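Undergrad: Everything below, folded, please.
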Amino acid sequence: MLAAKEQPKYVTFVGALSACGFLGKVEEGFYSLNHMMRKSGIEPGLEHCTCIVGLLGRARLEDAENFTQSIPIKWEIVTWRNLLNACYVHQNYRLGKQVPETVLHLNPEDVGTCILLSYMHARTKRWDEVVAMRKLMRDRNIKKEPGLSWTEIRNDAYDDNEHLEAVLVHEKVKELLAEIKPHGYVLAIACELHDVEEEQKQGTSSHHKKPKNV
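TA: Next up, the predicted model:
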């Protein structure tokens, strides 16, 4: 844009910082924040700082935590959820325990935070905490809406078991999972009910929509 003599706008840098976050480009992200925005006369706002939290959370979790504490800004739920997601990825239970308290104080019925925290407890095998979180969700009538996805092939859309060769698709998924497991691929089954047998979990998880869509 600068080469074309186009003036970047507020939202332009939101997109740029988001892209840096997805790519894990920490230095480039801070360059945009500290140099390019100043040069364009744009003061960083909540959206830009939230992007930085997400960016740091991917590679430098402690820096992300310090950033939220050092910036005098009123953070919103999406910022804390980004940080919580980073805690889940990095398996940082200490910080992951603190962040939800802030989110649930802002919104006691934030379903995304409740689900993610439940997954984190399950991943660290803290089953009592999982049970407590699910009880909290029941008491507050917090429910996760079922996801919906479909695949379009040659102008035809397919969802779940609607494909004419659904049985063959399921068998192919099992075959592919069996082939890639020796190479280190492990299904994310820790967040499922801990009283379900491992083999049952594998069978259930293999029917997830993403493998089927592939």
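Undergrad: secondary structure element for residue 108?
TA: Following DSSP states H and E, one finds residue 108 outside all helices and strands.
Undergrad: I'd like to know how many residues surround it.
TA: Other residues lying near residue 108 total 12 when counted by other CB atoms under 10 Å. All C-beta spots, glycine's among them, are computed from the backbone N, C-alpha and C.
Undergrad: do residue 46 as well
TA: 14.
Undergrad: Which residue is the nearest non-sequential neighbour of it?
TA: residue 73 (6.1 Å; CB to CB, 6 or more residues apart in numbering).
Undergrad: Would it be right to say that the one you found lies in a strand?
TA: No: Residue 73: not assigned to a strand; according to DSSP: H, G, I helix; E, B strand; the rest coil it is coil.
Undergrad: how close does it sit to residue 44?
TA: Using CB to CB, to the nearest Å, we find residue 73 at a distance of 9 Å from residue 44.
Undergrad: try residue 89
TA: Residue 89 is 25 Å from residue 44, where distance means CB to CB.
Undergrad: more crowded one of those two?
TA: Using other CB under 10 Å as the criterion, residue 89 and residue 44 rank with residue 44 on top: 19 against 12.
Undergrad: That one against residue 33, yeah?
TA: Yes: with contact defined as CB atoms under 8 Å, residue 44 counts as touching residue 33 (5.9 Å).
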